[in-house]
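Novice: What shape does this take:
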Amino acid sequence: MERETAAIHFGQSPDKETGARAEPIYMTSAYVFRDAAEAAGRFSLSEPGNIYTRLTNPNSSSLEARLAAIEGGSAAITAASGMAAISYAVLALTNPGDEIVSADNLYGGTYELFHLTLPNFGRTVKFVKSSDLEALENAITEKTRAVYFEAVGNPKLDVPDFEAVAKIAHRAGIPFIVDNTVGIGLVRPLEHGADIVVLSATKYANGHGTALGGAVIEKGDFPWDNGKFPKFTEPDPAYGGLRHYQAFGSSVVSTSIRVSLMRDLGAALSPFNAWLISQGLETLYLRTERHAENAKTVALYLKNHPKVAWVNYPGLPDSPSSKNVEKYLDGKGGAILTFGMKGGYDAAVSVQNNVRLISLLANIGDAKTLIIHPASTTHQQLTPEEQETTGVTADTLRLSVGLENPKDIIADLEQAFSRI
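Specialist: Model (predicted):
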């Protein structure tokens, strides 16, 4: 099945009871067992089936199957948000005292999780320059349990050489995790050496700014029994000594998260949100094409504007990531661009305050065009030096280009620029 077809059909079929072609919404917290033996079997994991929506729900299961198909993975688990998905992935692979090595080109929330919160859980994250593969290799130690990159840095907008990064991670016997929030529909990191994809389904997967959600998707062929991942290979006392890798195989990451971290921490996706995200995925590939076309048109307009100091868009020929965009993203630069005003911070604030069609809010991936000043919002809690490593300066504006006619987007920017 081709990916565009999978985004519409995978994981869902007409309802057997009613014949409904569209997926029903299963708004239930729990499920009736046939008898006591079935209930006991489901709790021991010896019998598949639904127990409680914190663990599984038909809407979440449908979405998980569809996301795995879109990304080319063997299995997936959804979560209440992208940050929950990232947290689950990292916690599933690590124990206190372990480390991960991450590129520095991160979304502000991820940077804060890695830099400020994970140390409270006994995990250390080492940051390296996203383009410095030698520094990446040198940062890996015997304590390292994963390498982490974003498919398209947000808002730095650089695209890594996935295959080169994967080789470094695999030489060290550790998995390569990629946040594909911005890249979904443009690139399949699992086809280029990544072992796990995490993403915020709130953004381009949903596509309409209507639902929070996240997901962890695994490729399914990493050798988890290499001695570095005891959670997957040692007996689990919660399930009678069951060994996760032996029992779950190619779905060990997602299933282990489900039966331990999701069970205990509970950041589960709402059935309604799962349904909304599944609806969004049906138009994913149509939207990503239009987003990229519009973003390139707007980027070229900004590049030639006398009040704009610089433009960063991965789809432009002068982007530092242009070769990787051609190699991995089929030349499509995605929907996000950043730019700086010649008037610096004050001019950037003026533009935000004077747009009319464009919305000033902290999100990306909506059908509507969105604008934000990262230094004072999404990346505010970082130091100026940390902001710079993530691609944020005082004059930076991030534009998430929507699906409107690009003439209207440009006209709104033009009238806002005229007020500076």
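Novice: Quick one: low-confidence residue ranges for the stretch 201-350 of the chain.
Specialist: The stretch 201-350 of the chain contains no residues with pLDDT under 70.
Novice: just the helices in it please.
Specialist: 230-233, 244-248, 252-256, 263-265, 271-281, 284-303, 322-328, 344-354 (DSSP state H, counting those that start in this stretch).
Novice: Provide the contact partners of the shortest one at residue level.
Specialist: Helix 263-265 is contacted from outside by Arg54, Leu55, Tyr88, using Cβ atoms under 8 Å, 6 or more residues apart in numbering. Any C-beta I mention is one placed from the backbone N, CA and C, and that applies to glycine too.
Novice: Now with 10 Å, please.
Specialist: If you take Cβ atoms under 10 Å, 6 or more residues apart in numbering as the criterion, helix 263-265 is touched by Ile51, Tyr52, Arg54, Leu55, Ala79, Ala80, Ala84, Ser87, Tyr88, Leu91, Ala238, Ile257.
Novice: Next, the buried residues of it.
Specialist: Buried residues in helix 263-265, counted by 16 or more other Cβ atoms under 10 Å: Leu265.
Novice: Any idea how far that helix is from the middle of the chain?
Specialist: On the basis of Cα atoms, centre = their mean, to the nearest Å, helix 263-265 sits 21 Å off its chain's mean C-alpha point.
Novice: any idea which residue sits dead centre in the chain?
Specialist: Nearest to the geometric centre of the chain sits Leu199, at 1.9 Å (Cα atoms, centre = their mean).
Novice: Okay, and the beta partners of that residue?
Specialist: Beta-bridge pairing for Leu199 (DSSP bridges): Ala215.
Novice: quick one on the thing from earlier: could you dump the helices of the stretch 201-350 of the chain to JSON lines with distance to Glu404?
Specialist: Compiled in JSON lines, these are given as follows (distance: least, Cβ to Cβ, whole Å):
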{"stretch": "helix 230-233", "distance to Glu404": "47"}
{"stretch": "helix 244-248", "distance to Glu404": "45"}
{"stretch": "helix 252-256", "distance to Glu404": "37"}
{"stretch": "helix 263-265", "distance to Glu404": "39"}
{"stretch": "helix 271-281", "distance to Glu404": "17"}
{"stretch": "helix 284-303", "distance to Glu404": "7"}
{"stretch": "helix 322-328", "distance to Glu404": "24"}
{"stretch": "helix 344-354", "distance to Glu404": "17"}
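Novice: and the ones you listed, which is most packed in?
Specialist: helix 252-256 (a mean of 26; mean count of other Cβ atoms under 10 Å).
Novice: So which elements touch that helix?
Specialist: Counting contacts by 3 or more Cβ pairs under 10 Å, 6 or more residues apart in numbering; DSSP states H and E, helix 252-256 packs against strand 75-79, helix 82-93, strand 214-218, helix 230-233, helix 244-248.
Novice: closest to Glu289 out of the ones you listed?
Specialist: For the helices and strands packed on helix 252-256, the distance to Glu289 is smallest for strand 214-218, at 22.1 Å, taking Cβ to Cβ.
Novice: Report the angle between that closest one and strand 75-79.
Specialist: 160 degrees (axes from the mean of the first three to the mean of the last three Cα atoms, to 10 degrees).
Novice: With distance to Thr396 as extra columns, can I get the helices and strands packed on helix 252-256 in CSV?
Specialist: Formatted as CSV, these follow (distance: least, Cβ to Cβ, whole Å):
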stretch, distance to Thr396
strand 75-79, 29
helix 82-93, 22
strand 214-218, 26
helix 230-233, 40
helix 244-248, 43
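Novice: between the helices of the stretch 201-350 of the chain, which gets nearest to Tyr313?
Specialist: When the helices of the stretch 201-350 of the chain are compared by Cβ to Cβ, helix 284-303 sits nearest Tyr313, at 3.8 Å.
Novice: Show me which residues of the helix or strand that contains Ala164 are buried.
Specialist: Ala164 belongs to helix 162-171 when assigned by DSSP states H and E. With burial defined by 16+ other Cβ under 10 Å, the residues of helix 162-171 counted as buried are Phe162, Val165, Ala166, Ile168, Ala169, His170.
Novice: Tell me if I'm right that the second one and Ile174 touch.
Specialist: No - using Cβ atoms under 10 Å, Val165 is not in contact with Ile174, being 11.4 Å away.
Novice: Name the residues contacting each of those two.
Specialist: In contact with both Val165 and Ile174: Val147, using Cβ under 10 Å, 6+ apart.
Novice: how about the strands of this structure, start to end?
Specialist: All strands of the chain, identified by DSSP state E, fall at 75-79, 99-103, 124-128, 144-150, 176-179, 196-200, 214-218, 308-312, 336-341, 359-360, 370-372, 396-400.
Novice: what's the pLDDT at Gln380?
Specialist: Gln380 carries a pLDDT score of 79 in this model.
Novice: how about the nearest residue to it once chain neighbours are set aside, what does it touch?
Specialist: Ranked by Cβ to Cβ, 6 or more residues apart in numbering and with sequence neighbours excluded, the top spatial neighbour of Gln380 is Gly108, at 7.6 Å. By Cβ under 10 Å, 6+ apart, Gly108 lies in contact with 154-155, 362, 374-375, 377-382, 386-387, 390, 392.
Novice: Rounded mean pLDDT for stretch 114-126, please.
Specialist: 97.
Novice: List the buried residues in that stretch.
Specialist: For stretch 114-126, the buried set under the neighbour-count rule, 16+ other Cβ under 10 Å, comprises Phe114, His115, Leu118, Arg123, Thr124, Val125, Lys126.
Novice: just to revisit the earlier point, figure out which of the helices of the stretch 201-350 of the chain is closest to Lys219.
Specialist: Lys219 lies closest, by Cβ to Cβ, to one member of the helices of the stretch 201-350 of the chain: helix 252-256, at 9.4 Å.
Novice: For the closest one, which outside residues touch it?
Specialist: Under the criterion Cβ under 10 Å, 6+ apart, residues 45, 64, 68, 73-78, 88-89, 92-93, 175, 195-196, 215-220, 222, 224-225, 229, 231-233, 236, 243-249, 262 lie in contact with helix 252-256.
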